[in-house]
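Asker: Build the 3D model from these lines:
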Amino acid sequence: MTSPLNTLRFVALALGLAGLVGAAAALDLQGHRGVRGLRPENSLASFQHAIELGVSTLELDIAITRDGVLVIHHDQALNPNHTRDAQGRWLDKATEPIHRLSFAELQAYDIGRIKPGTSYARQFAEQQAIDGTRVPRLADLFDMVKRSGNTKLRFAIETKVNAEHPEASLPPEPFATAVVNEVRAAGMAGRVQIMSFDWRTLQVVQRIAPEIPTVYLTAQQSWMDNIGAKGSGSSVWTAGFQYKDHGSVPRMIKAAGGAYWSVFHGDIDAARIAEAHALGLKVLVWTVNDAPLMGRVIDMGADGLITDRADVARQLLDARGVKID
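Answerer: Just a heads-up that it's a prediction; the model follows:
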């Protein structure tokens with residue numbers, strides 16, 4: 001006997017193959033690390049350029065220094081692909097975790113240029129170098145946006161906690177609490193989503209700040225798999241909500257109390273988006289950088305795109321008449 005869920009998947013797939021899955025009338029366009037394809041990632045210049053390109057949300061990552069400063073940086077340590085020391089020398093390896101550096105120590109490093117000859121440089125050949133760029137504080141970004149007068153721009157803030165390397169950051173509870181406190185102090189709780197691959201931080205946010213939506217990040221790839229569906233069906237990343245108990249990622253997120261699913265583009269199709277929508281979840285897809293893939297993701301019915309190339313996305317969305325919301 002065919003289950004209702006399987007029927008839903010079949011219908012969604014059939015519609016998708018026919019090109020009839022309705023794209024959203026409005027889409028959340030999120031600038032990934034600002035606009036990483038064009039400006040140094042997670043820099044104030046990158047966020048400013050993303051705003052100029054018309055994104056609806058700035059996507060960013062948070063680390064916390066030894067002295068408790070919330071800074072915007074993707075990796076838990078400084079990355080040698082785009083970091084030079086105070087003497088202008090490229091790092092030959094990652095630093096110790098930001099969690100062990102003071103904010104003043106962090107400010108000695110320049111993150112404004114990609115190291116030539118790296119795969120990172122080849123991937124983002126159009127990124128404009130801005131020498132002298134420093135790792136900003138979350139408070140600096142909030143202040144910049146407030147000064148601009150933009151009252152609608154949103155923020156998607158990722159907690160950089162690694163379930164497999166607990167020594168590299170604060171534990172989930174104090175980490176998530178520090179982010180919530182900073183967001184509330186800036187008066188930005190109504191404009192923020194908090195997201196993570198480590199769902200333990202999201203459980204903390206839901207408990208202490210129910211007014212802030214949580215976004216459940218997933219990847220099921222060889223280079224990152226926080227779901228573990230192909231193995232035991234269990235994962236240390238998912239706060240006890242296991243694939244083996246729920247049978248699908250959307251059902252795991254629904255059980256965990258999430259509002260959004262943020263999924264790697266290689267793991268998504270129209271059927272999974274339809275399942276998530278049937279459960280009341282919105283679906284964001286990352287990181288989508290070329291126009292043909294953007295078009296396919298929109299046609300699947302995604303609610304949001306996370307991209308390093310907001311310029312390419314704007315051209316596509318404008319051509320299709322899709323409103324950015």
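Asker: how close does Gln206 get to Ile64?
Answerer: 20 Å (CB to CB, to the nearest Å). To be clear about C-beta, it is placed using only N, CA and C from the backbone, and glycine gets the same treatment.
Asker: no no, Ile306
Answerer: Ile306 is 23 Å from Ile64, by CB to CB.
Asker: between those two, which one's more packed in?
Answerer: Ile306 (28 against 23; other CB atoms under 10 Å).
Asker: So for the more buried one, what's the pLDDT?
Answerer: We note a pLDDT of 98 for Ile306 in this prediction.
Asker: pretty sure it is in contact with Val283, am I right?
Answerer: No. Between Ile306 and Val283 there is no contact under CB atoms under 8 Å: 11.1 Å.
Asker: So for these two, which residues contact both of them?
Answerer: Ser262 (CB atoms under 8 Å, 6 or more residues apart in numbering).
Asker: Helices of the protein, residue ranges please.
Answerer: 4-17, 44-52, 103-106, 119-123, 138-148, 172-185, 199-208, 243-246, 249-256, 270-278, 291-300, 310-320 (DSSP state H).
Asker: Turn the ones you listed into TSV, including mean pLDDT.
Answerer: Listed next are the helices of the chain as TSV, based on pLDDT from 0 to 100:
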stretch	mean pLDDT
helix 4-17	40
helix 44-52	98
helix 103-106	98
helix 119-123	97
helix 138-148	98
helix 172-185	98
helix 199-208	98
helix 243-246	98
helix 249-256	98
helix 270-278	98
helix 291-300	98
helix 310-320	97
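Asker: Just put these in CSV and tack on distance to Gly37.
Answerer: As requested, the helices of the chain are arranged in CSV below (distance: least, CB to CB, whole Å):
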stretch, distance to Gly37
helix 4-17, 28
helix 44-52, 10
helix 103-106, 25
helix 119-123, 9
helix 138-148, 19
helix 172-185, 26
helix 199-208, 28
helix 243-246, 33
helix 249-256, 28
helix 270-278, 25
helix 291-300, 13
helix 310-320, 8
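Asker: Would you tell me which of those gets closest to Ile157?
Answerer: With CB to CB as the measure, helix 172-185 is the member of those nearest Ile157 (6.4 Å).
Asker: in the closest one, what's buried?
Answerer: Pro172, Phe175, Ala176, Thr177, Ala178, Val179, Val180, Glu182, Val183 (16 or more other CB atoms under 10 Å).
Asker: Same question for stretch 97-117.
Answerer: Within stretch 97-117, judged by 16+ other CB under 10 Å, the buried ones are Pro97, Ile98, His99, Leu101, Phe103, Leu106, Tyr109, Asp110, Ile111, Gly112, Arg113, Ile114.
Asker: Could I get the CA-only coordinates of that stretch as PDB?
Answerer: Taking C-alpha atoms only, stretch 97-117 is exported to PDB below (Å, rounded to 0.1, in the frame of the first residue of the first chain):
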ATOM      1  CA  PRO A  97      41.500  28.400  17.300                       C
ATOM      2  CA  ILE A  98      40.100  31.900  17.500                       C
ATOM      3  CA  HIS A  99      38.600  30.800  20.800                       C
ATOM      4  CA  ARG A 100      42.200  31.000  22.200                       C
ATOM      5  CA  LEU A 101      43.100  34.400  20.700                       C
ATOM      6  CA  SER A 102      42.100  37.700  22.100                       C
ATOM      7  CA  PHE A 103      40.400  40.300  20.000                       C
ATOM      8  CA  ALA A 104      43.500  42.400  19.900                       C
ATOM      9  CA  GLU A 105      45.600  39.500  18.800                       C
ATOM     10  CA  LEU A 106      43.100  38.700  16.000                       C
ATOM     11  CA  GLN A 107      43.300  42.300  14.700                       C
ATOM     12  CA  ALA A 108      47.000  41.800  13.800                       C
ATOM     13  CA  TYR A 109      45.900  39.700  10.800                       C
ATOM     14  CA  ASP A 110      44.900  40.900   7.400                       C
ATOM     15  CA  ILE A 111      42.100  38.900   5.700                       C
ATOM     16  CA  GLY A 112      41.700  41.100   2.600                       C
ATOM     17  CA  ARG A 113      43.400  39.100  -0.100                       C
ATOM     18  CA  ILE A 114      43.300  35.500  -1.300                       C
ATOM     19  CA  LYS A 115      46.700  33.700  -1.500                       C
ATOM     20  CA  PRO A 116      47.700  33.400  -5.100                       C
ATOM     21  CA  GLY A 117      47.900  29.900  -6.600                       C
END
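Asker: starting at the chain centroid, how far to that stretch?
Answerer: 21 Å (CA atoms, centre = their mean, to the nearest Å).
Asker: follow-up on the earlier one: JSON lines for the buried residues of helix 172-185, including distance to Thr214?
Answerer: Listed next are the buried residues of helix 172-185 as JSON lines, based on distance: CB to CB, whole Å:
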{"residue": "Pro172", "distance to Thr214": "13"}
{"residue": "Phe175", "distance to Thr214": "14"}
{"residue": "Ala176", "distance to Thr214": "10"}
{"residue": "Thr177", "distance to Thr214": "14"}
{"residue": "Ala178", "distance to Thr214": "16"}
{"residue": "Val179", "distance to Thr214": "12"}
{"residue": "Val180", "distance to Thr214": "11"}
{"residue": "Glu182", "distance to Thr214": "16"}
{"residue": "Val183", "distance to Thr214": "13"}
